[in-house]
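Engineer: Sequence and computational prediction follow.
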Amino acid sequence: TPFYKQINMEGKIVEFRRSRRTKYNTQMIVEVPSFTSKEKSSQLVNKQLVWTSPGKLKKQIKGTIKTTHGNKGLLRVHFEKGMPGQAINTKVIIS
């Protein structure tokens, strides 16, 4: 099977999707280390992913990969709830 069809892969949340004045709380930019081009990362579009919060409660926020972001293989993810700032530089599980 191809590499991108593995059951669980890890990615890292890089930043909120934002512009000069607006920050989108439900959309994040995610980096997957093995996907370094726009063509490779477009294979992950419409996959589900889960972010688990640190701490005792271990809340999970689910999201969907909507499209690529830029030419370096980053992904734009839409989460069902607003994400906290502590989610930046933490890992997500892509399934």
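Structural biologist: Received the coordinates, thanks. Note that this is a predicted model, so its numbers are computed, not measured. Numbers count the residues shown, from 1 in each chain.
Engineer: For the most centrally placed residue in the chain, give me its contacts.
Structural biologist: The residue lying closest to the centre of the chain (Cα atoms, centre = their mean) is residue 30, at 3.6 Å. Applying Cβ atoms under 8 Å, 6 or more residues apart in numbering to residue 30 gives the contacts 11, 12, 13, 14, 49, 65, 74, 75, 76, 77, 92. Yep, even glycine has a C-beta here, placed from its N, CA and C like the rest.
Engineer: roughly how far apart are it and residue 57?
Structural biologist: Look at residue 30 and residue 57: by Cβ to Cβ, to the nearest Å, they are 22 Å apart.
Engineer: One more: residue 37?
Structural biologist: Distance from residue 37 to residue 57, counting by Cβ to Cβ: 37 Å.
Engineer: Please apply the same query to residue 49.
Structural biologist: 19 Å.
Engineer: go on, residue 88?
Structural biologist: Distance, residue 88 to residue 57, by Cβ to Cβ: 19 Å.
Engineer: More neighbours: these two, which one.
Structural biologist: Neighbour tally, residue 88 and residue 57, criterion other Cβ atoms under 10 Å: the higher count belongs to residue 88, 14 against 8.
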